[in-house]
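Colleague: Would you be able to build a 3D model of this:
(one chain, ligands or ions: 2)
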Amino acid sequence: MQIISKSLTFSYNEKANFSRRALDGATLTVNEGDFFGIIGETGSGKSTFIQHLNGLIPLQSGTLTVGEFNLTVPKKRKEKKAFLKSLKQLRSKVGMVFQYPEYQLFAETVREDVAFGVKNFFPNASQEEVDFKVKKAIELVGLDYNLVAEKSPFDLSGGQKRRVAIAGVLASEPETLVLDEPVAGLDPVSKKRLMSLLHTLHDTGVVKTVIIVSHDMNDVMENCNRVAVFENGKVVKECEPKSLFENYDDYALSRLGLPVTAYLTKTLKGVGVNVESSYKIEDFTNKLIEKYFENR
Ligand SMILES: Nc1ncnc2c1ncn2[C@@H]1O[C@H](COP(=O)(O)OP(=O)(O)OP(=O)(O)O)[C@@H](O)[C@H]1O
Ligand SMILES: [Mg+2]
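Modeller: Numbering: from 1, shown residues only. Ligands and ions are numbered 1, 2, ... in the order given. Coordinates of the predicted model:
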């Protein structure tokens, strides 16, 4: 489903005199099938924006549609009631993985933790169906069900805990998966594995659309087909990551930092070596090696 946000504006504590706009007219479109990156300095409104996508934060001004859902809160009481009821359906379609989701694990076993998500979204499911869905979600995140199901989530590694938390969200079988800084705090190997898991979920159609908030420009360059840059609650750029990073003189970009590949392209160009920028460091290195042998 397509997500269209127009002039989304939001202030926490709207009515208080110390209120400040967290979103100030954010406009962007995420198409079905995108692996979409949301970047921007700290406090630019990224987390506030994504929490609008499944109605966790109610719309104050502007418009937002997520597939067939119009997130404008109706004024009439009766319509409002129906609207709030429909949010549950929306939440099952837009899975939200918060930052450090492992802190939200609470059950005694991995199986019970994931089952909580299943029961929440499929209240009429039989025990057999719940068991089936739990097993499926655990396997989808690349964990061995027989090894982890009866373990306490707290006995798992950081990367594994995060997978369990993602399994809990996948349990509702969402079409769109939204993740707030999904690899923050993981070691480089776990980081790579988790990004690769997200790609597998996307490529195999388990989820149609992935939206990630990231501070890591390398992640964005390597993984996303589109990217939006937030600044002071606005979307100041929305494009392919490559065209964003090639335009490295841009003020907004200079404050975000460059991915390694874009940095190398720029630096080498400065000394007269033109190597086309690549998304992946491995591809970039190969191009550099080719260039080296060409000139010998
Ligand atoms: N619960 C809250 N109550 C009041 N103000 C908040 C709340 N959450 C965020 N803000 C403010 O809203 C603005 C946008 O915050 P938000 O968390 O959306 O930014 P962000 O881009 O996700 O930042 P970061 O990269 O640090 O996660 C900031 O000025 C922040 O201080
Ligand atoms: Mg944030």
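
Colleague: Please make it C-alpha for all contacts and neighbour counts, starting now.
Modeller: OK.

Colleague: just the strands in the protein please.
Modeller: 3-11, 21-30, 35-40, 61-66, 69-70, 94-97, 176-180, 209-213, 226-231, 234-239 (DSSP state E).

Colleague: Reformat those as TSV; add mean neighbour count and mean pLDDT.
Modeller: Below are those laid out as TSV (neighbours: other C-alpha atoms under 10 Å; pLDDT from 0 to 100):
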stretch	mean neighbour count	mean pLDDT
strand 3-11	19	97
strand 21-30	21	96
strand 35-40	26	95
strand 61-66	19	97
strand 69-70	15	94
strand 94-97	24	94
strand 176-180	25	96
strand 209-213	24	97
strand 226-231	24	93
strand 234-239	19	92
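
Colleague: Throw those into CSV and include distance to residue 260, thanks.
Modeller: Putting these into CSV (distance: least, C-alpha to C-alpha, whole Å) gives the following:
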stretch, distance to residue 260
strand 3-11, 30
strand 21-30, 26
strand 35-40, 16
strand 61-66, 34
strand 69-70, 39
strand 94-97, 27
strand 176-180, 22
strand 209-213, 19
strand 226-231, 17
strand 234-239, 19
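
Colleague: Would you mind saying which of those lies nearest ligand 1?
Modeller: For the strands of the chain, proximity to ligand 1 was assessed by C-alpha to the nearest ligand atom; strand 21-30 is nearest, at 4.0 Å.

Colleague: Can you pull out the low-pLDDT segments for the stretch 151-296 of the chain?
Modeller: Applying pLDDT under 70 to the stretch 151-296 of the chain flags the ranges 247-254, 278-279.

Colleague: rerun at 90
Modeller: 157-159, 172, 184-193, 215-222, 237, 241-296 (pLDDT under 90).

Colleague: Excluding residues flanking it in the chain, which one is nearest residue 118?
Modeller: residue 171 (5.2 Å; C-alpha to C-alpha, 6 or more residues apart in numbering).

Colleague: do residue 95 as well
Modeller: Nearest residue to residue 95, sequence neighbours excluded (C-alpha to C-alpha, 6+ apart): residue 177, at 4.8 Å.

Colleague: What parts of the protein come near ligand 1?
Modeller: By C-alpha under 6 Å from any ligand atom, the part of the chain that sits against ligand 1 consists of 12, 22, 41-48.

Colleague: Isn't residue 207 up against residue 178?
Modeller: No. Between residue 207 and residue 178 there is no contact under C-alpha atoms under 8 Å: 10.3 Å.

Colleague: how many other residues sit next to the closest residue to residue 113 other than its chain neighbours?
Modeller: What sits nearest to residue 113 in space, not counting adjacent residues and going by C-alpha to C-alpha, 6+ apart, is residue 107, at 4.9 Å. Counted with other C-alpha atoms under 10 Å, residues neighbouring residue 107 total 15.

Colleague: The one 10 residues further on too?
Modeller: Other residues within reach of residue 117 by the criterion other C-alpha under 10 Å amount to 22.

Colleague: Verify the stated contact: it with residue 168.
Modeller: Yes. Using C-alpha under 8 Å, residue 117 makes contact with residue 168 at a distance of 5.3 Å.

Colleague: And residue 107, how close does it get to residue 222?
Modeller: According to C-alpha to C-alpha, to the nearest Å, residue 107 stands 35 Å off from residue 222.

Colleague: One more: residue 234?
Modeller: 24 Å.

Colleague: what does residue 109 give?
Modeller: 35 Å.

Colleague: do residue 197 as well
Modeller: Taken as C-alpha to C-alpha, the span from residue 197 to residue 222 is 14 Å.

Colleague: same question, residue 191
Modeller: Counting by C-alpha to C-alpha - residue 191 and residue 222 are separated by 13 Å.

Colleague: go on, residue 115?
Modeller: Plainly put, residue 115 is 33 Å away from residue 222 if you go by C-alpha to C-alpha.

Colleague: higher neighbour count, those two?
Modeller: residue 115 (24 against 17).

Colleague: Surely the more buried one is in contact with residue 128?
Modeller: No. Counting by C-alpha under 8 Å, residue 115 stays clear of residue 128, with 11.4 Å between them.

Colleague: what residue is smack in the middle of the chain?
Modeller: residue 212 (2.2 Å; C-alpha atoms, centre = their mean).

Colleague: what pairs with that residue across the strands?
Modeller: residue 37, residue 179 (DSSP bridges).

Colleague: circling back to that earlier point, now do the same contact list for the residue nearest to residue 95.
Modeller: Contacts for residue 177 (C-alpha atoms under 8 Å, 6 or more residues apart in numbering) come out as 94-97, 207, 209-211.
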